[in-house]
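[1] build me a structure from this.
(chains A and B)
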Protein chains: 2
Amino acid sequence: MTPDTTPAELEQALSDAAAAAGPLAASEPAVRADWIRATADALDAAVDDLVPIAMRETSLPEARLRGEVARSSGQLRMFADALAEGSLLEVTIDTADPDAKPVPRPDLRRVLVPLGPVLVFAASNFPFAFSVCGGDTASALAAGCPVIVKAHPGHPELSVRTAEVMIEALRVAGAPAGTLGLVQGYDVGVTALKDPRITAAGFTGSVPAGKALHEIAVTRPEPIPFYGELGSLNPVFVTQAAVDARGNEIATGYVGSFTLGVGQFCTKPGLLFLPAGHGLQDQLIEATDGVAQAPMLNDRIASGFSSGLDRLRKVDGIRVLSDGGATLLGTTVAELLERREAILEECFGPVSIVVEYSSVEELTAAVEAFEGNLTATLHAEEDADADLARALLPKLTERAGRVLWNGWSTGVAVSWAQHHGGPFPSTVGSIHTSVGVTAARRFQRPVTYQNTPDTVLPAVLQNTNPAGIPRRINGTITTAEVPR
Amino acid sequence: MTPDTTPAELEQALSDAAAAAGPLAASEPAVRADWIRATADALDAAVDDLVPIAMRETSLPEARLRGEVARSSGQLRMFADALAEGSLLEVTIDTADPDAKPVPRPDLRRVLVPLGPVLVFAASNFPFAFSVCGGDTASALAAGCPVIVKAHPGHPELSVRTAEVMIEALRVAGAPAGTLGLVQGYDVGVTALKDPRITAAGFTGSVPAGKALHEIAVTRPEPIPFYGELGSLNPVFVTQAAVDARGNEIATGYVGSFTLGVGQFCTKPGLLFLPAGHGLQDQLIEATDGVAQAPMLNDRIASGFSSGLDRLRKVDGIRVLSDGGATLLGTTVAELLERREAILEECFGPVSIVVEYSSVEELTAAVEAFEGNLTATLHAEEDADADLARALLPKLTERAGRVLWNGWSTGVAVSWAQHHGGPFPSTVGSIHTSVGVTAARRFQRPVTYQNTPDTVLPAVLQNTNPAGIPRRINGTITTAEVPR
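    Reported below is the predicted structural model:
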């Protein structure tokens, strides 16, 4: 049991982070990118040290955890590369236009600057990728913000050791002291969230915890942005044509996806909508029966799953189809629409619900029954279902941050085009993502310099473009110099 | 006196906006751009009709109001052009990479989609540019969101007539009914803000009103983003070398700027920091004495100014230098640091404070005394002050959204690179702007399509790039087709 951070230690972490903010903001993007790369290299070098601790604390298997370290170090390098490339700064220059109407236009140069110290509430289910060395930390560092991670109590030792590895790498690389800090304890996290030196917060976790912390952040005397990823049902809609073309593959893929990582993914498909008479029931049951019992992340999550499952089982109209290492439930769209609130509540763990629809109208009504989700998936045939797909995709787009075609929502690629977010309640802050290059935008604010001479401007805004980065000059993206 | 919107009328406005959201989201950007241009043309055509109403309701002079109509129609056209150009959609495509480590990467295509109906709280001081036809409306329409404007009670008839002109233009151009609506009444605005059909809100006004509405928006059962521009002091710091080089010009420019529009600009320079012994006092007083008395926007603002001024006058250490059509106050940095809260409170209207500093250390301390502002200005000499400027600019950057060199903060150019925002309390939502092309980003959220075939994707995401817009493909901005 790792003790909570003491008030004196918290004060030290906050003042160190505040002291690091200026030097970090002043650091050249390419230099900061090297600091971030150093943490990635250090993580990879420490994998044999970190993974056994993670296995002990989270019960997750070695191969998964080694993959997660690689994903996390790769994510850090992606942010470093994007930062060095320069687009993250959104440099935008409008040269002076003395003839502009109704008034002359001055020279304006816009750049994104870091907000300041960021508080990251780590998640339980990805002890690397959404924890100390995860996407919130990586994107905030890329933005130029010091980071204080509030460790998840599910893997305290791993959090301490990961922070040590990264902090030492940052120190050796020459980053300011206070660039990264770690605190432990729920109340400590709340105290930090209320501290005026904290300028933004990232969170991945449950709906109740996320809502409570969000309210604290946005009703402080000085409100700050709170980016919370809360929960998601990730529905999957399957057309008749898709069942006809590849029903067996869909059934197998679905069971694999909802039981992956013992169902402990925020992108777990929570419901599969199939046409009545789909003929896949035996296969679905058999595949679910074949899933071995596996330990969950920790006792709290196991007991939450157990009570959530008990609740779901008792909902009228829900039938239990398979109930071993994983649980498969069944119902119909008619039942779901009747008891929407009871059925459409996330149950974190290895359970999912097969829902049968009897008409395209019922399928559409099912889509419309959902609130915000991280993902929504359509399994359809491109030719046979073209009209249906064109009708459903805008409805899925309204309700989800990622829309998948003939795929499975578990597994979130880390790249420029990724979006991991969605309308409330899947996140608070649907206009931002917690995965992918644009996640850094959460921790940046624009500043525009008016008529400011080259000699005192940040290098990225100077006429000659010394860093050679892409800049929007008078409306057009270019790496050229500013025209004189 | 225009009566408040009735509950039945509000319900109609909300349901019309909700009904317009889908068609607007589905509209092609180039088509939507034409709808926006139609409103700009209609505004220009109605200028002779609108300006007399505005003169009567706001007491602002004709030339200023005609300029503001031109600025507003120009702003609408700027958003239309940016929308048609395509960068506003931030299209980002990562093609599938089966060899990606640690896992293969699917095809991912990201685009920004509209949030849905937006509620705009109009401002009093720009009856066009920050009101019915202002930047919040223009940027939300460009994003593809229906807009309901809550009229400012200071110009109710103008609001009704402006809305009529724009709504008729949208109808003739073929935009969905419900694209734009207008409501009146404080309680009506609060009711609308709480309505689940409203997905975001923009606000320009006072700190107390903005904070109250912000709290409603972010603590709703479904929290929504609230972009509030609240208040700003806009300090101006003048070096000794700048006084030596062009003291007279600075004195004249300052008085012109703080008395422009009867001091009723959110970018009014509220404090001018001069070195002790600057020798400009007579000129400053003379210029201020020469400002003619002019009516304020309305009785409520006039009485707020009067009581704010009374309060300021009574603060220890504040001296009255000139007190006619405009008021010039004087103090020192030592006094200001002593009574920071009393002196650093915005007083909306034609008053400003000259503050003398006795050393560079005091100048620096004065800069550090400020919280968030829309603007901060440095008057300095490029050669003589290079080191001082390099030391002060990062501190100004921390505290303001726009940093000016040798200029005046009143007058906000509308362009790609503009930023009109700043750290709290100048705004809630410092990472976004209410002026300039990027203001549209406030009303958009990303959606990523995974492995979705061209035949069902939105046109802007299709392989051949039929709209010819700039897209980031595998990390690089291009207008080319997606490589196969």
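
[2] the residue lying farthest from the centre of chain A is in what secondary structure piece?
    What lies farthest from the middle of chain A is A:Asp99; by C-alpha atoms, centre = their mean that is 46.2 Å. Following DSSP states H and E, one finds A:Asp99 outside all helices and strands.

[3] per-residue confidence for it?
    Each residue has a pLDDT score; the one for A:Asp99 is 90.

[4] now A:Val111, what's its secondary structure?
    Following DSSP: H, G, I helix; E, B strand; the rest coil, the label given to A:Val111 is strand.

[5] wait, what's in contact with it?
    If a contact means C-beta atoms under 8 Å, 6 or more residues apart in numbering or on different chains, then A:Val111 has A:89-92, A:446-447, A:449, A:458, A:460-461 as its contacts. To be clear about C-beta, it is placed using only N, CA and C from the backbone, and glycine gets the same treatment.

[6] nearest to chain B: which residue in the stretch 201-350 of chain A?
    When scored by C-beta to the nearest C-beta, the stretch 201-350 of chain A has A:Val218 as its residue closest to chain B, at 4.2 Å.

[7] do you know how far the residue lying closest to that residue once chain neighbours are set aside is from A:Ala42?
    Here the nearest residue to A:Val218 in space, its sequence neighbours aside, is B:Val218; by C-beta to C-beta, 6 or more residues apart in numbering or on different chains that works out to 4.2 Å. The span separating B:Val218 from A:Ala42 equals 38 Å under the rule C-beta to C-beta, to the nearest Å.

[8] what's the answer for A:Pro102, then?
    Relative to A:Ala42, A:Pro102 is positioned 56 Å away (criterion: C-beta to C-beta).

[9] between these two, which has more neighbouring residues?
    More crowded of A:Pro102 and A:Ala42, by other C-beta atoms under 10 Å in any protein chain shown: A:Ala42, with 22 against 13.

[10] of all the residues in the helix or strand containing the more buried one, which ones are buried?
    Secondary structure here is read from DSSP H and E; on that basis A:Ala42 sits in helix A:29-45. Neighbour counts using 16 or more other C-beta atoms under 10 Å in any protein chain shown place A:29, A:32-40, A:42-44 of helix A:29-45 among the buried residues.

[11] can I get those residues in JSON lines including pLDDT?
    What follows is these, written out as JSON lines (pLDDT from 0 to 100):
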{"residue": "A:Pro29", "pLDDT": "95"}
{"residue": "A:Arg32", "pLDDT": "97"}
{"residue": "A:Ala33", "pLDDT": "98"}
{"residue": "A:Asp34", "pLDDT": "98"}
{"residue": "A:Trp35", "pLDDT": "98"}
{"residue": "A:Ile36", "pLDDT": "98"}
{"residue": "A:Arg37", "pLDDT": "98"}
{"residue": "A:Ala38", "pLDDT": "98"}
{"residue": "A:Thr39", "pLDDT": "98"}
{"residue": "A:Ala40", "pLDDT": "98"}
{"residue": "A:Ala42", "pLDDT": "98"}
{"residue": "A:Leu43", "pLDDT": "98"}
{"residue": "A:Asp44", "pLDDT": "98"}
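
[12] could those residues go into JSON lines alongside distance to chain B?
    Supplementary listing: these in JSON lines, determined by distance: C-beta to the nearest C-beta, whole Å:
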{"residue": "A:Pro29", "distance to chain B": "15"}
{"residue": "A:Arg32", "distance to chain B": "15"}
{"residue": "A:Ala33", "distance to chain B": "15"}
{"residue": "A:Asp34", "distance to chain B": "19"}
{"residue": "A:Trp35", "distance to chain B": "19"}
{"residue": "A:Ile36", "distance to chain B": "17"}
{"residue": "A:Arg37", "distance to chain B": "17"}
{"residue": "A:Ala38", "distance to chain B": "20"}
{"residue": "A:Thr39", "distance to chain B": "18"}
{"residue": "A:Ala40", "distance to chain B": "13"}
{"residue": "A:Ala42", "distance to chain B": "18"}
{"residue": "A:Leu43", "distance to chain B": "13"}
{"residue": "A:Asp44", "distance to chain B": "12"}
